[in-house]
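Trainee: kindly generate the corresponding structure for this input.
(one chain, ligands or ions: 1)
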Amino acid sequence: MSKFSKYSLTIFISVFMIYVLFGSFSSTIADYYSSYGDLKEHEVLNEDYEIDYQQRGSDISVTAIHGGGIEPGTSEVAEGLANRMNISYYLFKGIKPTNNMILHLTSKNFDEPIGRSLVQDSLTTLSIHGYHDDQEHQPIIYLGGKNEEYRETLQDSFQKWGFQVVNAPYKVGGRNVNNIVNDNQLNAGVQIELTAGLRKSLFENHDWSRANRQNTTEVYERLIDALAEGTNNYREKESAFL
Ligand SMILES: [Zn+2]
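Mentor: Numbers count the residues shown, from 1 in each chain. I've put the predicted structure just below:
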């Protein structure tokens, strides 16, 4: 190889590495809109997105702020758990035919007032997300958030029901005080991130399209069982306090 081609190859590899690194960082941090106020100026309620909630005055609230087509499967899990346990829930759902990721407001910036207020009225919160990563074909639950007790009981329950659970990496650790999951009376909640592989397995034929998301599988039922059991065990442990 000539000196010149070695030099060109080095430049090419460097540029490629910068592109890969920068590309993967930017995909995790860049939201199209900076706040709900910004979003609602450009997107139409009940046409582009939906807000669905039930305020049941419960100690625990469950949320999916990237529901519908934003992180498919998350709002179905949140609603299923809330209805099983009769607890408050809040869902922010993308209902565009395509490109729902434009509606993704990261958890610390998510300031839609109904959602914030419902969470603030509860003692603690479970927030359900979809994980965006190269590992997403693996069925994994990443567990984060500041409520250590609740996290531990959920971890035990997930393992008992046969789910692979891993501590959340820093970027989705759910520890930011401004994250909606921690904006409750304990200033601490639990954030779970479900990989795409796991979320697809919640629906028949691994088809998570909007039309098929009512056709849930045994895995969906088992996930709701695990979440309900972990949540009930946490309540029992903390009953003196709650
Ligand atoms: Zn999310």
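
Trainee: show me what the longest strand belonging to the chain is packed up against.
Mentor: When the chain is scanned for its longest strand (criterion: DSSP state E), the result is strand 60-68. Using 3 or more C-beta pairs under 8 Å, 6 or more residues apart in numbering; DSSP states H and E, the elements in contact with strand 60-68 are strand 49-54, helix 74-85, strand 88-94, helix 113-120, strand 124-130. Placement of C-beta: from N, CA and C, glycine included.

Trainee: dump stretch 123-135 to PDB, restricted to CA.
Mentor: Extracted C-alpha coordinates of stretch 123-135, given in PDB (Å, rounded to 0.1, in the frame of the first residue of the first chain):
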ATOM      1  CA  LEU A 123     -46.700   8.700  46.100                       C
ATOM      2  CA  THR A 124     -44.600   6.800  43.500                       C
ATOM      3  CA  THR A 125     -44.700   6.000  39.800                       C
ATOM      4  CA  LEU A 126     -43.900   3.300  37.400                       C
ATOM      5  CA  SER A 127     -42.900   4.600  33.900                       C
ATOM      6  CA  ILE A 128     -42.900   2.200  31.000                       C
ATOM      7  CA  HIS A 129     -40.600   2.900  27.900                       C
ATOM      8  CA  GLY A 130     -39.200   1.200  24.900                       C
ATOM      9  CA  TYR A 131     -35.500   0.800  24.600                       C
ATOM     10  CA  HIS A 132     -33.700   2.100  21.500                       C
ATOM     11  CA  ASP A 133     -30.400   0.300  21.000                       C
ATOM     12  CA  ASP A 134     -28.500  -2.200  18.900                       C
ATOM     13  CA  GLN A 135     -29.400  -5.000  21.400                       C
END
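
Trainee: hmm, that stretch in reach of the ion?
Mentor: Yes - interface with the ion: stretch 123-135 contributes His129 (C-beta under 5 Å from the ion).

Trainee: what mean pLDDT does that stretch get?
Mentor: If you average the pLDDT over stretch 123-135, you get 89.

Trainee: distance between it and the chain's centre?
Mentor: 3 Å (C-alpha atoms, centre = their mean, to the nearest Å).

Trainee: buried sites along it?
Mentor: For stretch 123-135, the neighbour count (16 or more other C-beta atoms under 10 Å) marks Leu123, Thr124, Thr125, Leu126, Ser127, Ile128, His129, Gly130, Tyr131, His132, Asp133 as buried.

Trainee: same question for stretch 179-197.
Mentor: 179-184, 186, 188-196.

Trainee: spatially nearest residue to the residue minimising distance to the centre of the chain (excluding sequence neighbours)?
Mentor: Nearest to the mean C-alpha position of the chain, counting by C-alpha atoms, centre = their mean, stands His129 at 1.0 Å. In space, His129 comes closest to Glu193 once its chain neighbours are excluded; the distance is 4.7 Å by C-beta to C-beta, 6 or more residues apart in numbering.
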